[in-house]
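Engineer: give me the fold of what follows.
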Amino acid sequence: NAEVIAAVGDRPPRFDPMAFTGRAHPGGPAEGAGLGGSSEQLSSSAVNRIIMEFVIYCGRAAFLCYPVYLTGYWGLSISWVLLCLVMVTWWRKNRQFKDHRIGTAIDFVDNEDTVINRELKSALQMASWVHFPDVEKVDWVNKVLQQAWPFFGMFMEKLLKENIQPAVRQSSPALKMFTFTKVHFGHIPPRITGMRAYTQEADQKEVILDMNICYDGDVDIDAEVNAPIVAGVKGLKLKGMLRVILEPLIGQVPLVGGVTIFFIRPPTLEINWTGMTNLLDSPAFSSLSEETIIDIISSLMVLPNRMCFPLIDQVKVDQMRFPLPRGVVRVHLLEAKDLLAKDTYMMGLVKGKSDPYAKLRVGNRNVKSKTIKESLDPKWNEVYEFVVHEAPGQELEVELYDEDTDKDDFLGVQNGEVHLKLQWFSLQADPSLLRQHAIYSQLKYVFFFFPLCIVVAQVIEHEKKSPLGSLNLPLSRLLSISNMTLDQRFQLERSGASSQIKLKATLRVGGSLGEIQLTVRYANLRRKLIVVINACRNLFPCSDNGTDSYVRLYLLPDQTWRHRKRTQVKRRTVNPVFNDKFEYDVSLEEAQTRKLDVSVKNNKMLITRERKDIGMVMIDLSQLDLAKGSTEW
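Structural biologist: Have a look, this model is predicted:
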């Protein structure tokens, strides 16, 4: 009954008298059962309703047929009837289209998150050049790769045996006998799914290309890990962003002086291993994991490492492989809000909060923040600095997790915000800017971002870990040299008479750590050295409210606890005023042989992970006129 009434209330269906006679269809019950039984059991009200349906059906048919009758009666053309039918049909279709648009809009408003997530999932599966207009479709590059792939395989075989094989052997003592016995890169080349060329952002003497590379190849590689243990690879998947730099551009053939290639970030890698039967229990195979392979690739061609191919003799490989970074980015991780509550209690019946922490990464450097217990709106107020080797190109990646005893949960999928403050510092070659500034020094692979007095280089025997020689390089030598760069051979200490090391050291001035004003003088009548800590300015902000700072003093070489002197703490300011005076019982002659070690520190609590040291300065008292005294920043 309900079905019939609903149909009548909406619109009368096409009338079929046999539908109410209780006629049975094969394999099913009688259709009349929907009305309470057979036709003999119909009530008078049901019969009246059926008759009413039939009358309405006949009336509607007469209403539709009457205009046709009038058209023939008056001798009009049938075209008028057809025109009316077309108009009615168009009106109905237009009404349905409007209703659909309104319904879609209402559905989007009611289910906004679901619709966006669904559209993003379908969109992200497309190639990057579909979504980003500055990324070009590069089918022609893939055709070139297809043609050149056999020759590339020969190059890769040489690279594996000459570069990768020694790197694998050095990665673990269990792999010191690792040897490639078969190398074949198959017939399937990698595909470039998108390419972007930098023009305005790049130097006029270079071309920068970013390529989205995707490789799902049929490689066939066999290796002897440690006889009789063998390993093999039958298939390899790799995805990543490959940067190609053509520099310098020159006015003669081949127009490009060299080619540099590297991954901006570590690529993703999936390996189909073979020979697993005798490898599962092998310590050598545990060392030969996909993470180890990624580390080896990173050591060769993931920033800051590069693969360089000079095309002319005038180009220096060291300049291509070790360019100076673009700058330093200082990241203030301040807070987050509205994070997901991942912790539950009593078998999930009670909803808790989260214990959030953050992971930050730029290039190959990763840092982890402190964990804030039981909070959905954590406040970290932590500061980190990252070297940026390529800009544009490199990115700051921030991920939030809920710390758990078993496995940490990822946060930030559905909701939540993180508050960051970013500062950019370019690296300058002006020694006059070195007044209490952060120092950048490049010593092959080693980078320093804090004031130093000495760079120490050691040559060590790989197997025995015994030193073969060392070099102490005072950074003060770099201050008086043009461009603050040393590139030469140095005599090694504690080594042979002819033992030398060739290195290049570059000093650069980056982000400011602030300044301190001191007054230093000698009181002859009292025979005391007097040091007054006047003030500091532009200190490093360790929190939103500034810094709780104090100054610590040592009169070198005395560095014991009882010789330590410190000022009072000035809270919540980056420009503290101290006016604290300290006295030392030394003669004038002895004072002129001493050095004053001055450090500005953050008065952090023991339970926090804020930075303790803000900056330091070493004052050589022999360079001051202590009798007259001086006040300087």
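Engineer: tell me the pLDDT of F15.
Structural biologist: F15 is assigned 37 on the pLDDT scale.
Engineer: P228 too?
Structural biologist: For P228, the predicted pLDDT is 72.
Engineer: now I261
Structural biologist: 93.
Engineer: pretty sure it sits against L303.
Structural biologist: No. With contact defined as C-beta atoms under 8 Å, I261 does not count as touching L303 (11.4 Å). (Glycine included, C-beta is placed from N, CA and C.)
Engineer: those two: which has the busier surroundings?
Structural biologist: Legend: neighbour count by other C-beta atoms under 10 Å for I261 and L303, higher for L303 (23 against 15).
Engineer: right, and that one touches H389 too?
Structural biologist: Yes. Counting by C-beta under 8 Å, H389 is a contact partner of L303 at 5.0 Å.
Engineer: mutual contacts of these two, please.
Structural biologist: Listed as contacting both L303 and H389 by C-beta atoms under 8 Å, 6 or more residues apart in numbering are G363.
Engineer: what about T371, how many neighbours?
Structural biologist: With other C-beta under 10 Å as criterion, T371 counts 18.
Engineer: now do the same contact list for the residue nearest the centre of the chain.
Structural biologist: Nearest to the geometric centre of the chain sits E397, at 2.8 Å (C-alpha atoms, centre = their mean). Shown in contact with E397 (C-beta under 8 Å, 6+ apart): 359-362.
Engineer: which of these count as buried?
Structural biologist: Listed as buried from the contacts of E397 are 360-362; burial here means 16 or more other C-beta atoms under 10 Å.
Engineer: rewinding a little: make TSV out of the contacts of E397 and add distance to L242 and secondary structure.
Structural biologist: Output for the contacts of E397, formatted as TSV (distance: C-beta to C-beta, whole Å; DSSP: H, G, I helix; E, B strand; the rest coil):
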residue	distance to L242	secondary structure
K359	24	strand
L360	24	strand
R361	19	strand
V362	18	strand
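Engineer: what's the closest of the residues you listed to K176?
Structural biologist: Closest approach to K176 among those (C-beta to C-beta): R361, at 31.6 Å.
Engineer: quick one: the closest one and Q394, what's the gap?
Structural biologist: Using C-beta to C-beta, to the nearest Å, R361 is found at 10 Å from Q394.
Engineer: so L376 is in contact with D355, correct?
Structural biologist: No. Judged on C-beta under 8 Å, L376 makes no contact with D355 at a distance of 10.3 Å.
Engineer: give me the number of residues near I192?
Structural biologist: 22.
Engineer: residue boundaries of the strands in the stretch 401-550 of the chain?
Structural biologist: For the stretch 401-550 of the chain, the strands defined by DSSP state E, counting those that start in this stretch occupy 409-411, 417-426, 437-443, 446-448, 454-460, 467-474, 485-491, 500-512, 515-523, 528-537, 547-556.
Engineer: ignore what I typed, I meant the stretch 1-150 of the chain.
Structural biologist: For the stretch 1-150 of the chain, no strands are identified by DSSP E, counting those that start in this stretch.
Engineer: where does pLDDT dip in it?
Structural biologist: Low-confidence segments of the stretch 1-150 of the chain (pLDDT under 70): 1-42, 76-78, 81, 113, 115, 117-137.
Engineer: redo that, cut-off 80
Structural biologist: Low-confidence segments of the stretch 1-150 of the chain (pLDDT under 80): 1-43, 60-85, 88, 100, 103-138.
Engineer: count the neighbours of E382 for me.
Structural biologist: The tally of other residues near E382 (other C-beta under 10 Å) stands at 20.
Engineer: now do the one 10 residues further on
Structural biologist: As a burial measure, P392 scores 13 neighbours (other C-beta under 10 Å).
Engineer: I'd like to know how far it sits from M241.
Structural biologist: 12 Å.
Engineer: now the helices for the stretch 201-350 of the chain?
Structural biologist: In the stretch 201-350 of the chain, the segments counted as helices under DSSP state H, counting those that start in this stretch are 283-287, 290-301, 317-321.
Engineer: show the average pLDDT along the longest one.
Structural biologist: This points to helix 290-301. Helix 290-301 comes out with an average pLDDT of 79.
Engineer: how about the last one?
Structural biologist: Over the span of helix 317-321, the pLDDT mean works out to 83.
Engineer: packing partners of that helix?
Structural biologist: Contact analysis of helix 317-321 by 3 or more C-beta pairs under 8 Å, 6 or more residues apart in numbering; DSSP states H and E lists strand 258-263, strand 307-310 as its packing neighbours.
Engineer: great, nothing more from me.
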